[in-house]
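> next comes the sequence, and after it the predicted model I'd like to discuss.
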Amino acid sequence: MASIVVCAEPDSWQQASRFAEKVLGNAELKSFEDLRRRAPVQPLLVFLTNTDYHRLRSLLRTLKPASPDVVIYYANRLAPEEAAQLGKLVGETRPKHTNVVFEAKAAAATVLGHSRSSRPGNGNVSSANRTRQLREHFGLTQTELAHALGVSRAAFSRRPMGGLRLQRIWQR
């Protein structure tokens, strides 16, 4: 079974499939209808390319409040008003355990972070090692990863091994 589920509208299925294959590797593609019938237990990436949020609203209302973690990735350019509308939708339907991102690297880092932190036996891996694994996987510098996660570069360089818990950052 895939460790991540990617959900997309029918008209953006090909684009979502390419993104999932290139960036996420072992991801399973599903439609909004599939997920409403049977909600996943693993992290979910919702791949959006248009501002029709009807299916997204329905999906977010269907999911249990605490499970799974959801990353909404808006793949196209979005006007500030439309981004605010998306943020309002998430705030009204499922404000916890849901992240909204607008860049591919941020989407991948966030959903992979949820995936790794939810795996059984993951408690043995320090957050410093998870951070390093993510950076190496995507070829990112500490500065680029910090920017994608919305924290300062200093948050990575100051902390000792195992210090700052990266999953707290991902859950913001």
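The structure has been received and is ready for your questions.

> tell me how many other residues surround Val41.
Neighbours of Val41 under the rule other CB atoms under 10 Å: 12. Backbone N, C-alpha and C define where each C-beta goes, glycine included.

> so who does it touch?
Contacts for Val41 (CB atoms under 8 Å, 6 or more residues apart in numbering) come out as 67-68.

> flag the shaky bits of this protein, pLDDT-wise.
Low-confidence segments of the chain, defined by pLDDT under 70: 1-2, 66, 114-139, 148-150, 153-172.

> what segments of it are helices?
For the chain, the helices defined by DSSP state H cover 13-19, 32-37, 54-62, 80-93, 104-118, 127-138, 142-149, 154-158, 166-170.

> who are the packing partners of the second one?
To tie it back to what came earlier, the one meant is helix 32-37. Helix 32-37 sits against strand 4-8, helix 54-62, with contacts defined as 3 or more CB pairs under 8 Å, 6 or more residues apart in numbering; DSSP states H and E.

> give the other helices and strands that the shortest one contacts.
So that's strand 4-8. helix 13-19, strand 27-30, helix 32-37, strand 44-48, helix 104-118.

> try it again at 10 Å.
helix 13-19, strand 27-30, helix 32-37, strand 44-48, helix 54-62, strand 70-74, helix 104-118 (3 or more CB pairs under 10 Å, 6 or more residues apart in numbering; DSSP states H and E).

> next, format these as TSV and append distance to Ala83 and mean neighbour count.
Compiled in TSV, the helices and strands packed on strand 4-8 are given as follows (distance: least, CB to CB, whole Å; neighbours: other CB atoms under 10 Å):
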stretch	distance to Ala83	mean neighbour count
helix 13-19	19	15
strand 27-30	25	18
helix 32-37	21	15
strand 44-48	11	25
helix 54-62	14	16
strand 70-74	8	25
helix 104-118	14	22
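
> save these as JSON lines, and put in distance to Leu145 too.
Below are the helices and strands packed on strand 4-8 laid out as JSON lines (distance: least, CB to CB, whole Å):
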{"stretch": "helix 13-19", "distance to Leu145": "19"}
{"stretch": "strand 27-30", "distance to Leu145": "20"}
{"stretch": "helix 32-37", "distance to Leu145": "29"}
{"stretch": "strand 44-48", "distance to Leu145": "18"}
{"stretch": "helix 54-62", "distance to Leu145": "27"}
{"stretch": "strand 70-74", "distance to Leu145": "16"}
{"stretch": "helix 104-118", "distance to Leu145": "6"}
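
> re earlier: out of the helices and strands packed on helix 32-37, flag the one nearest Ser17.
Set against Ser17 and scored by CB to CB, the helices and strands packed on helix 32-37 come closest in strand 4-8, at 7.9 Å.
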